[in-house]
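S.K.: return atomic coordinates for the entry below.
(one chain, ligands or ions: 1)
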Amino acid sequence: MAEKGKETKITGYCVKCKVNGREIKNPKNAPMKGRSGPRPAVKGNCAVCDAGMYRIGATV
Ligand SMILES: [Zn+2]
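M.R.: Sure, this is the predicted structure:
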């Protein structure tokens with residue numbers, strides 16, 4: 001299986017660069033509390049401009 005793929009890059013939309021598919025630097029799991037339980041989400045910074053980024057539905 002794909003157990004070795006630990007360096008999965010998380011990408012998201014950067015509101016500052018206005019670019020989708022931007023790599024998120026220092027991604028960290030930051031699950032959101034939802035009505036039906038916690039939802040996976042990742043928090044980090046834009047690899048280019050360092051703006052805070054958030055990606056819902058992903059885990060590190
Ligand atoms: Zn950016």
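S.K.: rest of the way, CA atoms for contacts and neighbours
M.R.: OK.
S.K.: tell me what residue 37 is bridged to.
M.R.: Note on residue 37: beta-bridge partners by DSSP bridges are residue 34.
S.K.: now it: how far from the ion?
M.R.: For residue 37, the distance to the ion (Cα to the ion, to the nearest Å) stands at 30 Å.
S.K.: what mean pLDDT does the top strand by length along the chain have?
M.R.: Looking across the chain with DSSP state E, the single longest strand is strand 19-29. For strand 19-29, the mean per-residue pLDDT is 96.
S.K.: quick one: least confident helix or strand in this structure?
M.R.: Lowest on mean pLDDT, DSSP states H and E among the helices and strands of the chain sits strand 32-34, with a mean of 91.
S.K.: for that one, which helices and strands make contact with it?
M.R.: If you count contacts as 3 or more Cα pairs under 8 Å, 6 or more residues apart in numbering; DSSP states H and E, strand 32-34 packs onto strand 37-39.
S.K.: same thing but at 10 Å, please
M.R.: Other elements packing on strand 32-34 under the criterion 3 or more Cα pairs under 10 Å, 6 or more residues apart in numbering; DSSP states H and E are strand 37-39, strand 41-46.
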